[in-house]
Structure formats: structure tokens, C-alpha cells
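In: Predicted model follows, preceded by the sequence.
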Amino acid sequence: MAKNTICLWFDKEAEAAARFYAEVFPDSAVTAVRRAPSDYPAGKAGDVLTVEFTVAGVACLGLNGGSTFKPSEAFSFQIATDDQEETDRYWNAIVGHGGQENACGWCRDRWGISWQITPRALTGALAAGGEEARRAFEAMMTMKKIDVAAIEAARRG
């Protein structure tokens, strides 16, 4: 296990979520599935308790802790994309499999985990500062999934 690992709380679907992430994102894998050695408040002996996995190279642990806690936008994965095709692929995978669109490149998967699918064209435009950044930011504020061509056009003015 990595020294620093992100722990994500799930009700009972940590393994399904981890396998989905491993299918969608490169440099992702499910590395271990651990079962509860005895009954616990959210499950029974033998139920999947934790799942070790990586998402785009980031070490994670999925904990099937029950329904007490729910994910929020206070935590999100931010995935940098190189072009519209990659942006569309990730967005459509998340939203198209029971997820939900949000504003400004944010979406939520069917387990409630938030994702920022962020084209490098957007982060570059915002980093440029000044009027270029303002135009790109204002364009972004009208979007759900980021439209790379529209960001680039706004950046040019």
C-alpha cells in the first residue's frame, strides 16, 4: 500500500466503482479486494470491506462503510485532458453510466464521486491571465462539459 492513499467511502459498491475507474482511465487498476473477517455495522463476514486501486496513477482505497456518509464536491478527482476527444471520452463514460452533469467541467459518477474533466486548453487560458483568462473563464461559466474549441476561440477574443 502507498504511504499516502486517498480513502473513498462507499455504501456497498467500492469494488464496482474501482473496476469502472480502472476500465475508464489509463494508469488505473484494482490491486486488491479485502473481505471483512467478521460482521461489522455495515456488513457481514465475507463481504467486500476494502478495495485497493489506482485512478490515473493515484493510490486509492475504497471502503464499504455503509450509508452514514455521502460524497460531496468538497472532494473531486481532476483529470487533465489533451483534446476534445479525450474530454468527451471521460465525460461520456462517467455521465453515460448513471452519472450526472454539473457546471464548468464538473460531473458526478453514479456512486456520488465528483470529477473535474479539465482540458489543458482551459487551464492554459486561465493561467495566461488578463483579458485572455477573463474571456475563457466567462465562456467556461456557460458550459457543463468543456468545449475546447469554444475556450480557444474565447481565448483569442
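Out: Happy to help now that I have it.
In: from here on, contacts and neighbour counts on C-alpha atoms
Out: OK.
In: How about the secondary structure of the residue in the chain sticking out farthest from the centre?
Out: Within the chain, the residue lying farthest from the chain centre (Cα atoms, centre = their mean) is Ser38, at 31.4 Å. Per DSSP: H, G, I helix; E, B strand; the rest coil, the secondary structure class of Ser38 is coil.
In: my guess is it meets Lys44, correct?
Out: Yes - at 6.3 Å, Ser38 and Lys44 qualify as touching, with contact defined as Cα atoms under 8 Å.
In: pLDDT wise, what is the residue nearest the centre of the chain at?
Out: Central residue of the chain (Cα atoms, centre = their mean): Trp115, 3.2 Å from the mean position. Model confidence at Trp115, expressed as pLDDT, equals 98.
In: Show me the helices in the protein, by range?
Out: 14-24, 84-95, 120-128, 130-140, 148-156 (DSSP state H).
In: Walk me through the domains of this protein.
Out: Domain segmentation of the chain under automatic domain parsing yields 1-67, 71-157.
In: Any idea how far the last one is from the middle of the chain?
Out: Using Cα atoms, centre = their mean, to the nearest Å, the mean C-alpha position of domain 71-157 is found 12 Å from that of the whole chain.
In: and Ala59, what are its bridge partners?
Out: For Ala59, the beta-bridge partners are Thr54 (DSSP bridges).
In: Could you do Ile79 as well?
Out: On the basis of DSSP bridges, Ile79 is bridged to Ile117.
In: is it true that it touches Trp115?
Out: Yes - contact criterion Cα under 8 Å: Ile79 and Trp115 qualify, at 7.3 Å.
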